[in-house]
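>>> give me the fold of what follows.
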Amino acid sequence: MKRQLFRRPDDLTTGPITRSLLQLAWPVMLSNLFQTLYNFADRLWLGRWGAVGIAAVQVSFPLVFLTISVASGFTVAGMALIAQFTGANREEDANLAAGQVFVFSALLAATLAVVGFFTAGPIMSLMGAAKDLTAAASEYLRIIFMGAPLIFSTFLFAALLNGSGDTVTPMILMAVSVGANILLDPFFIFGWGPFPEWGVAGAAVATVLSRGLVALVGFYLLFSGKLGIHIRFSHLRPRWPMLRQIASIGTMSSIGQTGTALGFTILNGALARLGTAVINAFGIGTAFISIVLMPAMGLGQATATMVGQNLGAEKPDRARRVAWDGVLISSIILVAAAALVIPFRSHLIRFFMTDPEVVAIGIRMLLLVGFAFPFMGIIQVMIGVYQGSGHTAYSMFFGLFRLWGLRIPLIYLLAYVLAWGSDGVWWAMFWSNLGAALVSLGCFLTGNWAKQVIKTIPDEMSAA
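So this is what the prediction gives:
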C-alpha cells in the first residue's frame, strides 16, 4: 500500500467524482496563490530598496517565465505517465517513470542553467534599458539561472506527486518555501545583520535558497519512500525508450507554454502602442483575472490527475464523467465570480489606481472580459483532460490557437484597423476565450483523448 504524509483520496478510479475533484483541486489553488506571493514579496522589499529593483525584476520576468515554461512543460509528461501507471496499479512502473523524468529534467535544467548564465547579459543589453538597470537585471538573471536546477525541482516534485494523487504535500512545501523567501529577502537585499547589502542580487539569492530548501526536502521524500512515489537509484539509469516518450509528450506541452509566453510578449507590445493608461488598466485587470482563474486552474490539474488515473485503469467512461464534472464545477464558480466582479469592477480598479482614464478603461475591461470567465474555466479543464491523457499536442494547440490564432490577430484588427482602441483589446479577449472554449469542447467530444499512452511503452523497459 502506498504511503502518504497527508490525507488524499485513496482511489481516484472509484467513488464520488465531484468530491475527489474538489479534494485534489483546493491544494493546487492554494499552491498557485503561494506562487504569486513570490513575486509580490520580491517587489515589496525591492520597492523599499530602490526604484531600479522592481524594474530589474520586471524586465527580467519574460526571460525567466520563458525558461520556466520550457522546463515545466516536460513535467507534464511525468504527471501523465505516473497518473496512468497509478490507475493501472503498476506501482513500480510509476516509480521508474518518476526516476526517468527526474533524470530528464536534471539534464534539461543543467543545460538551461549554463545557456542562461552566459546569455543573460547580452539579452538584457539588447533590450536597450539604462546601464544601471541592465546591470542589475543581468546580475539577477545569472543568479536565478545558476539556481535553475533547484528551482525546476520544485515544479518537478509537484508534478510527480500530483500524478499519484497527492496535491497536499506540494502545497505545504510551497507555503514553507514562500515563507522562507519572505523572511530571507530583507536580509539579503538590505544587508541585515551579518549579511552584505546585495540589493537586486539578494532577491535572487533568497529565491534560490528558498526554492532549494523545498527541493532538498522533496528529494528526501521521493527517495525515502515516505510518499506514494519511491524513486530508487536503479530508476535513474537511463531507459531510452521511456526518455524518448517523455520528450515526445513533454515537447508538445513545452512548445505550448513557450508559445504562450512569447505571445504575451507580443501582446504587451501591442498594448503599449495604445498608451500607458491601457497598460495600467490591463495590468490591474489581469491581476484580478489571475485570482479568479485560480479555482479553474486547480480544477484543471485535478482533472488531469483523475483522467490519467482512470484511463490507466481502463475506465474511459468514468474519465469522461470526470471531465464533464470539472467543466460544470468550473463554470459554476466562474459565473459566480463574474457576478461579483462585474458589479463591483469600479471599486476593484480604484483600489489600485484612481486616475480617471485608467479607471474608465479598467471598468470597460472587467465588464467585457468578465463575461468570458466561464469560457476561461472550460479551457483550463479541457487542457487538463489532454495533459492527463498524455495527448499534449491538443492542449498545446488550444493555448496557441487562443493566443496566436485568435487574440493577437483580433487585437490588430479591432484595436488598430477598425480603430476601436482599448475596446478592441477587450473584445478580442472575449472572442478568443469563447472560440478556444468551443474548439476544445469540440475536440473533446471526438473522444481522441481517451486512449492511454502507457500502452505504447515497450515491455523491456518495465521496472517490474
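>>> could you say what helices and strands the one helix or strand residue 393 maps to packs with?
In this assignment (DSSP states H and E), residue 393 forms part of helix 392-400. Packing partners of helix 392-400 (3 or more CB pairs under 8 Å, 6 or more residues apart in numbering; DSSP states H and E): helix 51-87, helix 240-272, helix 373-389, helix 422-445. In this view, the C-beta of every residue, glycine as well, is placed from N, C-alpha and C.
>>> okay, angle between the shortest one and helix 240-272 too, please.
What separates the directions of helix 373-389 and helix 240-272 is an angle of 160 degrees, with axes from the mean of the first three to the mean of the last three CA atoms, to 10 degrees.
>>> show me this protein divided up by domain.
For the chain, the structural domains run 19-238, 268-450, going by automatic domain parsing.
>>> contacting residues for the closest residue to residue 403 other than its chain neighbours?
Nearest residue to residue 403 in three dimensions, chain neighbours excluded: residue 263, at 3.9 Å (CB to CB, 6 or more residues apart in numbering). Shown in contact with residue 263 (CB atoms under 8 Å, 6 or more residues apart in numbering): 400, 403, 404, 407, 408.
>>> if you set the cut-off to 10 Å instead, what comes out?
399, 400, 402, 403, 404, 407, 408 (CB atoms under 10 Å, 6 or more residues apart in numbering).
>>> give me the neighbour count for the residue nearest to residue 397 when sequence neighbours are not counted.
Residue nearest to residue 397 in three dimensions, not counting chain neighbours: residue 256, with 7.6 Å by CB to CB, 6+ apart. Look at residue 256: counted by other CB atoms under 10 Å, it has 26 neighbours.
>>> cool, residue 135 as well?
For residue 135, the number of neighbouring residues by other CB under 10 Å comes to 17.
>>> which element is it on?
Under the criterion of DSSP H and E, residue 135 resides in helix 131-146.
>>> got the angle for that helix vs helix 51-87?
Interaxial angle, helix 131-146 versus helix 51-87 (the same axes, to 10 degrees): 20 degrees.
>>> who are the packing partners of helix 131-146?
Using 3 or more CB pairs under 10 Å, 6 or more residues apart in numbering; DSSP states H and E as the contact test, the elements touching helix 131-146 are helix 17-49, helix 51-87, helix 91-126, helix 200-224.
>>> as TSV, the contacts of residue 263 with distance to residue 149 and pLDDT would be great.
Shown next, in TSV, are the contacts of residue 263 (distance: CB to CB, whole Å; pLDDT from 0 to 100):
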residue	distance to residue 149	pLDDT
399	26	90
400	28	92
402	32	94
403	29	92
404	31	93
407	34	93
408	34	92
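>>> so which of the residues you listed belong to helices?
Within those, residues falling in helices by DSSP state H are 399, 400, 408.
>>> which residues does the last one contact?
What that stands for is residue 408. 263, 264, 266, 267, 270, 402, 428, 432.
>>> pick out the most distant pair among the residues you listed.
Across the contacts of residue 408, the longest distance by CB to CB is 15.5 Å; it joins 270 and 402.
>>> more neighbours, those two?
Shown here are residue 270 and residue 402; by other CB under 10 Å, residue 402 has more neighbours (25 against 18).
>>> now do the contacts for the more buried one.
The contact partners of residue 402, taken as CB under 10 Å, 6+ apart, are 260, 263, 375-376, 379, 408, 429, 432-437, 439-440.
>>> residue ranges with poor pLDDT in the stretch 51-200 of the chain?
Along the stretch 51-200 of the chain, the parts satisfying pLDDT under 70 run over 51, 127-129.
>>> could you find the closest non-adjacent residue to residue 223?
residue 231 (5.4 Å).
>>> give me phi/psi at the one you found?
Note on residue 231: its backbone torsions stand at phi -90, psi 130 [degrees, to the nearest 10].
>>> surely it touches residue 164?
No. With contacts counted by CB atoms under 10 Å, residue 231 stays clear of residue 164, the gap being 11.9 Å.
>>> report the set of residues contacting both of these two.
Common neighbours of residue 231 and residue 164, using CB under 10 Å, 6+ apart, are 95, 98.
>>> tell me the SS of residue 369?
When classified by DSSP: H, G, I helix; E, B strand; the rest coil, residue 369 comes out as helix.
>>> residues near it, how many?
Residue 369: 26 neighbours (other CB under 10 Å).
>>> list the buried residues for stretch 236-249?
By neighbour count on 16 or more other CB atoms under 10 Å, the buried set for stretch 236-249 is 239, 242, 243, 245, 246, 249.
>>> enumerate every residue touching the fifth one.
Under the criterion of CB under 10 Å, 6+ apart, the neighbours of residue 246 are 74-78, 80-81, 97, 100-101, 103-105, 239.
>>> between which two of those residues is the distance greatest?
Maximum pairwise distance in the contacts of residue 246, criterion CB to CB, is 18.9 Å, between 76 and 239.
>>> the helix holding residue 135 to helix 17-49, inter-axis angle?
140 degrees.
>>> and the next element down the chain from helix 131-146?
helix 148-164.
>>> on contacts alone, who are the packing partners of that following helix?
Short answer (3+ CB pairs under 10 Å, 6+ apart): helix 148-164 packs on helix 17-49, helix 51-87, helix 91-126, helix 168-190, helix 200-224, helix 276-312.
>>> could you check the angle helix 91-126 makes with that helix?
Compare the direction of helix 148-164 with that of helix 91-126 by the same axes, to 10 degrees and you get 140 degrees.
>>> show me what counts as buried in helix 148-164.
148-164.
>>> and stretch 106-117, by the same measure?
Buried, per 16+ other CB under 10 Å, within stretch 106-117: 108, 109, 112, 113, 116, 117.
>>> so which pair among those is furthest apart in space?
With distances taken as CB to CB, the most widely separated pair in the buried residues of stretch 106-117 is 108 and 117, at 14.9 Å.
>>> okay, buried residues for the helix holding residue 135 please.
Under the neighbour-count criterion of 16+ other CB under 10 Å, helix 131-146 has 133-146 buried.
>>> that older thread, and the contacts of residue 408, which is closest to residue 305?
residue 402 (23.2 Å).
>>> C-alpha coordinates for stretch 265-283, PDB please?
What follows is stretch 265-283, C-alpha atoms only, in PDB (Å, rounded to 0.1, in the frame of the first residue of the first chain):
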ATOM      1  CA  THR A 265       5.300  39.400 -25.000                       C
ATOM      2  CA  ILE A 266       3.800  40.400 -28.400                       C
ATOM      3  CA  LEU A 267       0.500  41.200 -26.700                       C
ATOM      4  CA  ASN A 268       2.200  43.600 -24.300                       C
ATOM      5  CA  GLY A 269       3.900  45.400 -27.200                       C
ATOM      6  CA  ALA A 270       0.600  45.800 -28.900                       C
ATOM      7  CA  LEU A 271      -1.000  47.200 -25.800                       C
ATOM      8  CA  ALA A 272       2.000  49.600 -25.200                       C
ATOM      9  CA  ARG A 273       1.100  51.300 -28.500                       C
ATOM     10  CA  LEU A 274      -2.300  52.200 -27.100                       C
ATOM     11  CA  GLY A 275      -0.800  54.200 -24.300                       C
ATOM     12  CA  THR A 276       0.300  53.900 -20.600                       C
ATOM     13  CA  ALA A 277      -3.300  54.100 -19.300                       C
ATOM     14  CA  VAL A 278      -4.200  51.000 -21.300                       C
ATOM     15  CA  ILE A 279      -1.200  49.100 -20.000                       C
ATOM     16  CA  ASN A 280      -2.000  50.100 -16.400                       C
ATOM     17  CA  ALA A 281      -5.600  49.100 -16.800                       C
ATOM     18  CA  PHE A 282      -4.600  45.800 -18.400                       C
ATOM     19  CA  GLY A 283      -2.100  45.100 -15.500                       C
END
